[in-house]
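In: Output the structure for:
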Amino acid sequence: MSLLVPEPTRETTDPVSAAARAEGFPRLRYMGSKYKLLPHLAAAFDGIGGSTALDAFSGSGVVSYLLKSMGYAVTSNDFLNFPSIIARATVVNQHERLTEEDIEAVTGPAADDRDFIRTKFSGMYFTEEDRVFLDSAWSNIDRMTGGKRDLAIAALVLSAARKQPRGVFTFTDLRYDDGRRDLHLPLRDHFRERAAEYNAAVFDSCTGCEAISGEVFDVPDTGFDLVYLDPPYAPPKDDNCYVKRYHFLEGLSVYWRGQEIMENTKTKKLVKKFTPFSYKRTIEDALSRTFEKFSESTIVLSYSSNAVPDLDTITALLREVKSDVEVVSIDHTYSFGTHATAARRAASEYLFIGRS
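Out: Numbers count the residues shown, from 1 in each chain. Okay, here's the model as predicted:
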């Protein structure tokens, strides 16, 4: 006689409460971030069910956190490293927090005499005091382990992002200084505040979550009930390079270990990681391959009306592996930057939901 093993279930949280929790997630200014769309995503996920979810392009981490808040066992993935650290700190980590002693250690005297950031980025991005602090902070973080180390790195990355105008590192001066407090607060004080924000985000979901870093095609398909896809939106012209915009955060997250700096560039960029999702000539094939890879799961894809391919093309690609494709259109305004004169573009954000 065989015993039937029941499928795992999740203790669900209503989508409104889950979205409200996720709206308190530490906010990283990140291209394409879904903070403003959390209620729509929560409603979509709530209608899918299941117990396991993959956030295949995790970015700021807020959607992975939303899925965790809804009771899913989440696998969070991104092809950059610093998003995976944010996910380890807030999604995988269930209970560890930085104590006051931990925070004082990171913001206190340096544990060694390292000066990589102060010298490599001399005169760039931050004040001399701030660059010295980043080296000093890392000298202490290197003595930490586990969830506390992840939290400290996440807080340091968010501090650097908040201090940089527009949150991107494509320029080195303060041309976009609009007087906001974040731009003038010393990074040492930023870290204390950001550490408190990440501490507040930690909670125990009683689920097994993990965070990985790699291209989506290399993610092991373990039969996820739900796969959420939020790839870079391929623009009609140029490319959509996250490394170009966030290279400093990527390097900072690992203290530039194993990273190749392009020394001839003014901004000291990292060598670009190729992803086929960033280019109009390769995006259709990339989407098709991804849909095929996760054809056994319910697929939810976020995409924008101001990118390529268009709605009809994506719908047709998804219908190659899914018999039931629903498209939800959400009016959305994209803002490039937070300064008063930031360029804003009205567009529709599409949610494609593919079921078998």
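In: going forward, measure contacts between C-alpha atoms and count neighbours the same way
Out: OK.
In: Identify the residues contacting the one helix or strand residue 246 maps to?
Out: Using DSSP states H and E, residue 246 falls within helix 242-253. Residues outside helix 242-253 that contact it (C-alpha atoms under 8 Å, 6 or more residues apart in numbering) are 31, 80-82, 85, 153-154, 157, 160-161, 168-170, 256-257, 259, 269-273.
In: so where is the chain shaky, pLDDT-wise?
Out: Along the chain, segments meeting pLDDT under 70 span 1-12, 333-346.
In: Scan it for its longest helix.
Out: When the chain is parsed with DSSP state H, its longest helix is helix 146-163.
In: What's the first helix or strand after that one?
Out: helix 187-201.
In: Quick check: closest non-adjacent residue to residue 163.
Out: residue 183 (4.6 Å; C-alpha to C-alpha, 6 or more residues apart in numbering).
In: Make sure that neighbour is actually in contact with residue 166.
Out: No. Contact criterion C-alpha atoms under 8 Å: residue 183 and residue 166 do not qualify, at 9.9 Å.
In: where along this protein do the strands fall?
Out: Using DSSP state E, the strands found in the chain span residues 52-55, 73-78, 210-213, 226-229, 298-304, 324-336, 343-355.
In: Same list, the ones you listed, but as CSV with mean neighbour count please.
Out: Shown next, in CSV, are the strands of the chain (neighbours: other C-alpha atoms under 10 Å):
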stretch, mean neighbour count
strand 52-55, 26
strand 73-78, 27
strand 210-213, 20
strand 226-229, 25
strand 298-304, 23
strand 324-336, 14
strand 343-355, 18
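In: could you dump the ones you listed to a markdown table with distance to residue 242?
Out: What follows is these, written out as a markdown table (distance: least, C-alpha to C-alpha, whole Å):
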| stretch | distance to residue 242 |
| --- | --- |
| strand 52-55 | 17 |
| strand 73-78 | 11 |
| strand 210-213 | 15 |
| strand 226-229 | 16 |
| strand 298-304 | 16 |
| strand 324-336 | 14 |
| strand 343-355 | 19 |
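In: now stretch 224-237: how far from the chain's centre is it?
Out: Taking C-alpha atoms, centre = their mean, to the nearest Å, one finds the center of stretch 224-237 at 13 Å from the center of the full chain.
In: Also stretch 76-91?
Out: Here stretch 76-91 is found 7 Å from its chain centre; the criterion is C-alpha atoms, centre = their mean.
In: can you tell me which residues contact residue 14?
Out: Residue 14 makes contact with 46, 70 under the criterion C-alpha under 8 Å, 6+ apart.
In: distance of it from residue 100?
Out: Counting by C-alpha to C-alpha, to the nearest Å, the gap from residue 14 to residue 100 is 34 Å.
In: same check, this time on residue 84
Out: Taken as C-alpha to C-alpha, the span from residue 84 to residue 100 is 25 Å.
In: Next, the contact list for the residue nearest to residue 163, please.
Out: 162, 163, 164, 165, 177.
In: Give me the buried subset of the residues you listed.
Out: Buried members of the contacts of residue 183, scored by 16 or more other C-alpha atoms under 10 Å, are 162, 163, 164, 165.
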